[in-house]
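Asks: 3D, please:
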Amino acid sequence: MNNAEQKTLEDILSGLDSCLERESAALLGGDIHMISELMEEKSALITDLNALGSSEAGSLDTLKQKAQRNQVLLTGALEGIRRVSDRLSDIQSLRHSFDTYDSDGNRQTIEGEAVRHVEKRA
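Replies: Predicted coordinates:
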C-alpha cells in the first residue's frame, strides 16, 4: 500500500488547504525559507491527490482559488525582489560615478571614489 492509498481524499484536501493558507501567510510575511518548505509539502500532496484519481469539484474549486491567490502574492513578491535588486544595483553604481545635467542640459559625470575606512566610536 503506497502513501496515497493510506491517505483519504479528505486528508489530502485538508492538507492542501492548510498548506495553501500557511503559504499565503509566509508570502505576506516574507518568510522565504517557509515558502520553500511548503512547496515541497504541496508538491507531495498534489502527487497524492493525483494518485487517488478522484476529485470533488467543490473542494478543488476552493483550493484552486487559494492557489491562484498565492500565485498573485508570489508574483508580487518576485517583482518586489527584482525592484530591490535593481535599486541596489543603482546605488552601487553611484559609488563609482554620478550623472547629472547642467543648466544648459548637458550631461556631466561626476566621478566618485570609494572611501573605505572604519570609524571607531567610543
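
Asks: from now on I want contacts and neighbour counts done on CA atoms only, so please keep to that.
Replies: OK.

Asks: now stretch 61-79, how far from the centre of its chain.
Replies: The chain centroid and the centroid of stretch 61-79 are separated by 10 Å under C-alpha atoms, centre = their mean, to the nearest Å.

Asks: buried residues, that stretch. List them.
Replies: Under the neighbour-count criterion of 16 or more other C-alpha atoms under 10 Å, stretch 61-79 has 63, 66-67, 70, 73-74, 77 buried.

Asks: as CSV, these with distance to residue 106, secondary structure and pLDDT would be great.
Replies: Below are those laid out as CSV (distance: C-alpha to C-alpha, whole Å; DSSP: H, G, I helix; E, B strand; the rest coil; pLDDT from 0 to 100):
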residue, distance to residue 106, secondary structure, pLDDT
63, 57, helix, 89
66, 53, helix, 93
67, 52, helix, 93
70, 48, helix, 94
73, 43, helix, 94
74, 42, helix, 93
77, 38, helix, 90
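
Asks: what residues are up against residue 119?
Replies: Not one residue lies near residue 119 by C-alpha atoms under 8 Å, 6 or more residues apart in numbering.

Asks: appreciated, that's everything.
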